[in-house]
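> how would this look folded up:
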Amino acid sequence: MWPIANDPAIREALLCAYEDGSWGRYHGPNVERLEEVLAEMHGVKHAMVCASGTIAVQIALRSLNAQDGSEVILAAYDFPGNFRAIQDAGLFPVLADIDPNTWCLDAGNIEAAISKSTVAIIVSHLHGGTAAMRQVNEIAAAHGIAVIEDACQATGAIVEGKWAGSSGELGVLSFGGSKLVTAGRGGAILTDRDDLLQRAKIYCERGNHAFPLSELQAAVILPQLEQLEIRNQKRSKSLSLLRKKLTDIESVLRPVVCSSEHPAFYKHAWLCESSQRAQHLTQLAIRDQVPLGEGFRGFYKRPSSQTRKVGLLQHSRDAASRTLLLHHPVLLQDEMVIDWLATWLRCAISEE
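I've put the predicted structure just below:
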């Protein structure tokens with residue numbers, strides 16, 4: 001079950017918000033404190049919370065003050081909301097292929113995607129994989145392009161020595177109902193730049209903040225941030241055990257390459273050797289109520305009127321049809337559950 005029921009730290013936070021009346025205020029101590037904690041945690045100057053990770057991406061894009069029709073590069077396999085956020089900001093998506101080992105935008109494909117109209121790159125850390133942020137930033141800096149680092153699936157991860165979400169001009173976090181830190185809904189943008197923060201605030205200002213995170217939501221996020229490292233370590237340990245038990249079937253289920261020295265697993269990906277295998281395992285998981293599911297559909301089928309495609313996008317096509325995802329709550333269970341999951345996967349593969 002997620003979020004964890006009967007968490008005493010969450011109960012205490014809710015009681016405090018009830019007793020001091022902050023739960024019903026426009027402005028109170030919890031949002032202010034959360035923004036301070038997020039900025040300090042990620043080593044950036046500013047954090048601004050908002051209603052969701054999806055709207056955080058759009059706020060980040062709006063803060064760039066780009067001309068309508070300007071291009072934004074993203075992976076052809078990514079969260080659907082990122083594509084829509086680009087369109088909603090009046091910008092034009094450009095698709096580049098992923099690294100097949102990490103499910104993230106391949107930095108080696110960025111140069112070919114850049115045009116004179118490019119203003120930004122959205123780079124998402126997905127399914128336990130992490131993008132090569134140092135290389136992405138070097139390419140972007142050489143062309144005067146902004147980087148938006150989407151860490152919605154990687155809260156608490158360390159990527160090349162920095163907290164996920166802190167490497168680009170802007171970073172994005174999510175506190176959605178299934179995320180590693182949850183308030184049911186919620187998100188945040190991170191940045192060192194005063195001008196980007198100011199533009200973000202102006203975009204959100206409609207008499208009041210148009211896309212707010214409530215005081216009550218902020219109150220329950222704060223204690224979860226204190227627990228995040230311990231829980232991420234537990235998830236990582238469980239996955240190491242699970243992957244070890246499945247090493248001999250990696251020709252059938254190839255796991256994501258975890259290059260982070262301090263990973264965070266919202267989802268964990270395997271690439272099945274065929275789309276038929278992926279569909280079969282997903283159907284069996286639904287039948288047996290196992291927390292496994294399919295990946296994103298990707299954007300490679302979008303028409304040229306909606307996007308510009310760079311290359312064949314083959315790895316993104318494969319990921320869209322052959323990905324199997326494990327959801328994180330099971331990773332907080334004991335070793336017996338992990339043993340059971342490994343056994344289930346073996347049996348499910350043999351059923352085909």
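> contacting residues around Gly307?
Check again: residue 307 is Thr, not Gly. Phe83, Phe92, Pro93, Val94, Leu95, Phe299 (CB atoms under 8 Å, 6 or more residues apart in numbering). For glycine as for every other residue, the C-beta is placed from the backbone atoms N, C-alpha and C.
> isn't the third one up against Pro80?
No: the criterion here is CB atoms under 8 Å, and Pro93 misses it with Pro80 at 11.3 Å.
> neighbour count for those two, which is higher?
Taking other CB atoms under 10 Å, Pro93 and Pro80 do not tie; Pro93 has more neighbours (23 against 12).
> now for the one helix or strand that one maps to, which elements pack on it?
For Pro93, the host element (DSSP states H and E) is strand 92-96. Applying 3 or more CB pairs under 8 Å, 6 or more residues apart in numbering; DSSP states H and E, one finds that strand 92-96 contacts strand 71-75, helix 80-88, helix 110-113, strand 308-309.
> most packed of the ones you listed?
Burial of these is given as mean neighbour count (mean count of other CB atoms under 10 Å); strand 71-75 ranks first at a mean of 27.
> so what touches that one?
61, 82-83, 86, 91-98, 104-106, 110, 113-115, 117-124, 308, 316.
> buried ones among these?
Among the contacts of strand 71-75, the ones that count as buried by 16 or more other CB atoms under 10 Å are 61, 82-83, 86, 91-98, 104-106, 110, 113-114, 118-124, 308, 316.
> for beta bridges, what are the partners of Trp270?
Pro255, Leu324 (DSSP bridges).
> near it, how many other residues are there?
Neighbours of Trp270 using other CB under 10 Å come to 27.
> cool, the one 4 residues further on as well?
The local packing of Ser274 (other CB under 10 Å) involves 12 other residues.
> ok, Leu126 - contacts?
Here Leu126 is in contact with Tyr77, Asp78, Phe79, Thr102, Trp103, Cys104, Gln153, Lys267, Ala269 (criterion: CB under 8 Å, 6+ apart).
> checking Val172 next. Helix, strand or coil?
Three-state call for Val172 (DSSP: H, G, I helix; E, B strand; the rest coil): strand.
> beta partners for it?
Asp150, Ile189.
> can you tell me how far Leu15 is from Gly293?
35 Å (CB to CB, to the nearest Å).
> the more surrounded of the two?
Gly293 (15 against 11).
> give the bridge partners for the more buried one, please.
Leu325.
> all strands for this protein, in order.
46-50, 71-75, 92-96, 118-124, 146-150, 158-159, 162-163, 170-174, 187-191, 253-255, 267-272, 292-294, 308-309, 323-327 (DSSP state E).
> same list (the ones you listed) but as a markdown table, adding distance to Gln135.
Below are those laid out as a markdown table (distance: least, CB to CB, whole Å):
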| stretch | distance to Gln135 |
| --- | --- |
| strand 46-50 | 25 |
| strand 71-75 | 14 |
| strand 92-96 | 13 |
| strand 118-124 | 10 |
| strand 146-150 | 11 |
| strand 158-159 | 12 |
| strand 162-163 | 14 |
| strand 170-174 | 17 |
| strand 187-191 | 20 |
| strand 253-255 | 23 |
| strand 267-272 | 21 |
| strand 292-294 | 29 |
| strand 308-309 | 22 |
| strand 323-327 | 24 |
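> adding mean pLDDT, write those out as JSON lines.
JSON lines is the format used below for the strands of the chain (pLDDT from 0 to 100):
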{"stretch": "strand 46-50", "mean pLDDT": "98"}
{"stretch": "strand 71-75", "mean pLDDT": "98"}
{"stretch": "strand 92-96", "mean pLDDT": "98"}
{"stretch": "strand 118-124", "mean pLDDT": "98"}
{"stretch": "strand 146-150", "mean pLDDT": "98"}
{"stretch": "strand 158-159", "mean pLDDT": "96"}
{"stretch": "strand 162-163", "mean pLDDT": "96"}
{"stretch": "strand 170-174", "mean pLDDT": "98"}
{"stretch": "strand 187-191", "mean pLDDT": "98"}
{"stretch": "strand 253-255", "mean pLDDT": "98"}
{"stretch": "strand 267-272", "mean pLDDT": "98"}
{"stretch": "strand 292-294", "mean pLDDT": "97"}
{"stretch": "strand 308-309", "mean pLDDT": "98"}
{"stretch": "strand 323-327", "mean pLDDT": "98"}
